[in-house]
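J.: Quick one, fold the following:
(3 chains)
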Amino acid sequence: MLLLDRHGPLDDAWERAEYVCQAETKQVLAPFAAIVGSDAITDDMKIGALLEPERTVAEVAPFFDRLDLIVIHFPSSANGRGFSMARQLRQAGYKGRLRAFGALIADQFPQALACGFDEVEVIGAAAARQPAEIWMAALNRISLGYQRGYGTESSIVERRLLAGAAQGAANV
Amino acid sequence: MAAAKRPTLPAILIANDLLEGEVVFAAAQGWTRDPRQALVANDEATAQSLEKFGATEFLHARIVDPYLVAVEVNAQGVPQPRHYREALRALGPSVRPDLGKQADFQI
Amino acid sequence: MYRYDDFDRRVVRERIAQFASQIERRLSGALTEDEFKPLRLKNGLYLQLHAYMLRVAIPYGALNARQVRQLAHIADTYDRGYGHFTTRQNLQFNWPKLKDVPAILSLLADVDMHCIQTSGNCIRNVTADHFAGVAHDELEDPRPVAELLRQWSTLHPEFDWLGRKFKIAVSGAAQDRAVLKSHDVGVRVVRDPATQQIGYQILAGGGLGRTPMIGQVVRDFLPREKLLKYLEAVLRVFNLEGRRDNKFKARIKILVHELGLDAFRARVEEEYAAIDATSADLDPREYARIAGHFAPPAYETLPAVSRRLEEAQARDEHLARFVEHNLTRHKQRGYAALTISLKPIGLPPGDASSRQLRVIADLAEKYSFDEARVAHTQNIILPHVRLEDVPDIFAILRAEGLGEANAGLITDIVSCPGLDYCALATARSIPVAQALAQRFADPKKQKEIGELSIKISGCINACGHHHVGNIGILGLEKKEAESYQITIGGDPGDAYALGELLGPGLPAEHVPDAVERLVAVYLAQREPGETFIETTRRLGLAPFKAAFKEIADVVA
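T.: Residues are numbered from 1 along each chain as shown, chains lettered A, B, ... in the order given. Predicted coordinates:
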């Protein structure tokens, strides 16, 4: 298993459980349905929710303040639905950690980060074939985007406007 | 694209070379671009060994999309695909006789 | 024409490096074939019947001479000396090798071209009216919007892994020449009658293929600055809710159909309201920057009629025919848009040799302000030629096999490459096109028949747009042989209609007879001035079905 964010590989501090009451630690990742129904959550716990495919952002939004991590599953690298889920979660005001989990490929790393994910978890054979160096190289390969409001860097549009303003100022 | 049903015998194995893209045929040794040199499987055991060869070569990233193609063997012993699609693959575009295997090998 | 800035160039170069790395990882095994295939498709590279095929993006069909020359150079250096122009205004090379693709992409990048997103489950080439900036019925030039959407959709981090392909077309005129209703999203420039403000009407859910559906209006009016925000909402709804269980039910047209138009519209409006306008709104300065590239060229003041052309036509009946069929009225007096037919009788439709490409480049540079356009009908347009230059242009075209005077006529056939090239095809299409062109080759006969579009597809995917051909032909497999179904009544324009089937499929050799019978019905029953499509609308299917049945019964 490989867990990374934009700075490199991470240790996974999260304990996975089917139900919060089964947890042995204070940092538990469980299915969202289990969290909603749980009475085992204490204030000193960090809670992560694994979203089921049918889950809508409207259902999750009331729990934003209580969730430290939301995990979205990508059933195949060709299924990019999770990118829109991430976008909607951020749009709806979620400020915690967001993880993409599943059969992603390294070239999807910059896309995941641009859509609001903080980290990516790769499992199984895909993780073996794509060590961390490949992921970080893929991240560095794409430095620019046209689309405003994605990622943390300014988009090409913003850079053009800045260059235009600078030009205008220089011409004064 | 592989045929939905298992093709009848005799059959040859066809694929695309990964780096070149060209259509290739499993031959007695390795692959050939010349459809006339394709190894003909007359029995199930040979057909299966062709398929195994194709699968191994795919794993070694040498070819893609290997599959068996039913053929008729003509009087000269040359295999000719029975289905019109596979016949076109073995020859080249019918509208450009100057291109493809029909031109390369004067078929 | 739009000129790349350093940002545009950097995007293209980064993409080439990314694809080169993906090829390397495929060869090393770090990427499986299943992982690699969508990546190669999103760089325009198909694996076809005989070889790889590389689809070069020609944004809204626009080319300059330098680009056309580079395409010729690539054809000679890395391919077999020709290219094929498609029904989405792109160009296909049929014989590249994977190992040569990074070099080809680099040559393309040298002239500000690329193959980004010309295939794969992503937003494809944005197409537009091939008479953009020229047509007299134009409300506003659609090219700035098309270029804006090209950039917005390029390497979009959220919409790169859709359930299926996504095609957008833009029209800026009263008459739709961009086939808006066949597209996943159609954008039509409109004027708000109340405020006189320019904005956009948005259609969604059109598509051809296995289950053709007609695009419907989802938004009557969007102010210009809201276009990107609205499209983001449409794409997000599709990405979240579009089906992924079945490839043949994965387009947005199915989602619109299954939700119903009102429910779909409501979903989009809900998402639209939730999107943060400060980032999504189109900045008017960026729009102005793009639009500035499309200012009209420095036209001369010319008379409406060119004496030189009139005199030359009177002497040369071939030229006269060319003027009659291949010139389109231009906004600017003394100019015309000139159609270079890539449908010479008996040759594959839409193909151009490298030599012909160079001729086109020279003509564009010298006679058309360095502009050429690809039409979705697979012809090339020189958008601004002086009428007085037409005789010289025609002489050159004629010498190079590009002078067929058949634009819009029965031999101006649209055909996909079909089973001669395409791994998806079920039958050959080009030989059928050739046989039909030969049957109707006589110029007098063509003129008598008038405007009639035949469109041929070699499989159900309908890349030949047969559903919207006045006569549509679909090549299928029947009992291990090629079989051709004929439809009638299709129309890609404002009177949009899908063709209706006339009867069972025919073998290839009977198709010209069948089409001749249909044409005979039209000639016998048309009213003065009626085109083929108008007559079919008036008469309905019955007389054509009866005529078709005569051929089908003989075959059976």
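J.: And for chain B, the residue most distant from the center?
T.: residue B:95 (21.0 Å; Cα atoms, centre = their mean).
J.: my read: that one touches residue C:433, true?
T.: No. Look at residue B:95 against residue C:433 with Cβ atoms under 8 Å: they stay out of range, at 9.3 Å. (Glycine included, C-beta is placed from N, CA and C.)
J.: list residues touching both of the two?
T.: Both residue B:95 and residue C:433 are in contact with residue C:348, where contact means Cβ atoms under 8 Å, 6 or more residues apart in numbering or on different chains.
J.: Domain-wise, how is chain A divided?
T.: A:2-141, A:145-172 (automatic domain parsing).
J.: Compare those domains and give me the one nearest residue C:385.
T.: Closest to residue C:385 of the domains of chain A is domain A:145-172 (Cβ to Cβ; 34.0 Å).
J.: just for chain A, where's the confidence low?
T.: Applying pLDDT under 70 to chain A flags the ranges A:168-172.
J.: Pick out the residue of it closest to chain B.
T.: Going by Cβ to the nearest Cβ, chain B is nearest to residue A:129 of chain A, at 12.7 Å.
J.: For the residue nearest to that residue when sequence neighbours are not counted, which phi and psi angles does the backbone take?
T.: Residue nearest to residue A:129 in three dimensions, not counting chain neighbours: residue C:30, with 5.0 Å by Cβ to Cβ, 6 or more residues apart in numbering or on different chains. Dihedral pair for residue C:30: phi -70, psi -30, per degrees, to the nearest 10.
J.: near chain A at all, the longest helix along chain B?
T.: Longest helix in chain B, counting residues (DSSP state H): helix B:44-59. No. Using Cβ under 8 Å from any Cβ of the partner chain, helix B:44-59 never reaches chain A; the gap is at least 13.1 Å.
J.: How about the residue nearest in space to the middle of chain B, nearest residue that isn't a chain neighbour?
T.: With distances taken as Cα atoms, centre = their mean, the residue of chain B nearest its centroid is residue B:14 (2.9 Å). With Cβ to Cβ, 6+ apart as the measure, residue B:69 is the residue that lies nearest to residue B:14, at 5.1 Å, once sequence neighbours are left out.
J.: again, but for residue C:278
T.: Residue C:278 sits nearest to residue A:149 (Cβ to Cβ, 6+ apart), 7.9 Å away.
J.: need the residues of the stretch 101-250 of chain C near chain A, please.
T.: Counting by Cβ under 8 Å from any Cβ, the stretch 101-250 of chain C comes close to chain A at C:121, C:151-152, C:154-163, C:236, C:239-240, C:244.
J.: Select the longest strand from chain B.
T.: As assigned by DSSP state E, the longest strand anywhere in chain B is strand B:63-73.
J.: From the contact counts, what lies against that strand?
T.: strand B:11-17, helix B:44-59, strand B:79-81, helix B:84-91 (3 or more Cβ pairs under 8 Å, 6 or more residues apart in numbering or on different chains; DSSP states H and E).
J.: re the thing from before, and the domains of chain A, which is most packed in?
T.: domain A:2-141 (a mean of 18; mean count of other Cβ atoms under 10 Å in any protein chain shown).
J.: Just give the number of residues close to the residue of the stretch 151-300 of chain C found nearest chain B.
T.: When scored by Cβ to the nearest Cβ, the stretch 151-300 of chain C has residue C:247 as its residue closest to chain B, at 13.1 Å. Residue C:247 sits with 12 neighbouring residues when counted by other Cβ atoms under 10 Å in any protein chain shown.
J.: can I assume it is in contact with residue C:164?
T.: Yes. Contact criterion Cβ under 8 Å: residue C:247 and residue C:164 qualify, at 7.2 Å.
J.: could you say what helices and strands the helix or strand containing residue C:384 packs with?
T.: Per DSSP states H and E: residue C:384 is located in strand C:380-386. Under the contact criterion of 3+ Cβ pairs under 8 Å, 6+ apart, strand C:380-386 touches strand C:335-340, helix C:354-367, strand C:372-374.
J.: Switch these over to JSON lines; also include distance to residue C:47 and mean pLDDT.
T.: Output for those, formatted as JSON lines (distance: least, Cβ to Cβ, whole Å; pLDDT from 0 to 100):
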{"stretch": "strand C:335-340", "distance to residue C:47": "31", "mean pLDDT": "98"}
{"stretch": "helix C:354-367", "distance to residue C:47": "24", "mean pLDDT": "98"}
{"stretch": "strand C:372-374", "distance to residue C:47": "24", "mean pLDDT": "98"}
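J.: What residues does residue C:67 make contact with?
T.: Contacts of residue C:67 (Cβ under 8 Å, 6+ apart): C:111, C:112, C:113.
J.: mind listing the strands in the stretch 101-250 of chain C by residue range?
T.: Using DSSP state E, counting those that start in this stretch, the strands of the stretch 101-250 of chain C run over C:127-128, C:168-171, C:185-191, C:198-204, C:216-223.
J.: in the second one, what counts as buried?
T.: Applying a neighbour-count criterion of 16 or more other Cβ atoms under 10 Å in any protein chain shown, one finds C:168, C:169, C:170, C:171 buried in strand C:168-171.
J.: and the top helix by length along chain A, what other elements does it pack with?
T.: Looking across chain A with DSSP H, the single longest helix is helix A:156-171. For helix A:156-171, the elements it packs on are helix C:6-28, helix C:284-291, judged by 3+ Cβ pairs under 8 Å, 6+ apart.
J.: mind running it again at 10 Å?
T.: With contacts taken as 3 or more Cβ pairs under 10 Å, 6 or more residues apart in numbering or on different chains; DSSP states H and E, helix A:156-171 sits against helix C:6-28, helix C:143-153, helix C:284-291.
J.: how far is that helix from where the chain is centred?
T.: Computed by Cα atoms, centre = their mean, to the nearest Å, the chain-centroid distance of helix A:156-171 equals 32 Å.
J.: So what touches it?
T.: Contacts with helix A:156-171, where a contact means Cβ atoms under 10 Å, 6 or more residues apart in numbering or on different chains, come from A:144-149, A:153-155, C:5-8, C:10-11, C:148, C:151-152, C:154, C:228, C:279, C:282-283, C:285-286, C:289.
J.: Could you pull up phi and psi at the residue lying closest to residue C:142 once chain neighbours are set aside?
T.: Residue nearest to residue C:142 in three dimensions, not counting chain neighbours: residue C:172, with 3.4 Å by Cβ to Cβ, 6+ apart. Main-chain torsions, residue C:172, degrees, to the nearest 10: phi -120, psi 10.
J.: What's the separation between residue C:172 and residue C:188?
T.: 8 Å (Cβ to Cβ, to the nearest Å).
J.: more crowded one of the two?
T.: Using other Cβ under 10 Å, the more surrounded residue of residue C:172 and residue C:188 is residue C:172, with 29 against 21.
J.: dump the residue contacts of the residue nearest to residue C:142.
T.: Residue C:172 touches C:128-129, C:131-133, C:135, C:137-146, C:178, C:187-190, C:198, C:200, counting by Cβ under 10 Å, 6+ apart.
J.: at 6 Å what do you get?
T.: The contact partners of residue C:172, taken as Cβ atoms under 6 Å, 6 or more residues apart in numbering or on different chains, are C:138, C:139, C:140, C:141, C:142, C:189.
J.: do the same with residue A:124
T.: Contacts of residue A:124 (Cβ under 6 Å, 6+ apart): none.
J.: how about the nearest residue to residue C:4, chain neighbours excluded?
T.: Here the residue nearest residue C:4, using Cβ to Cβ, 6+ apart, is residue C:112, at 4.3 Å.
J.: Please consider this matter closed, and thank you.
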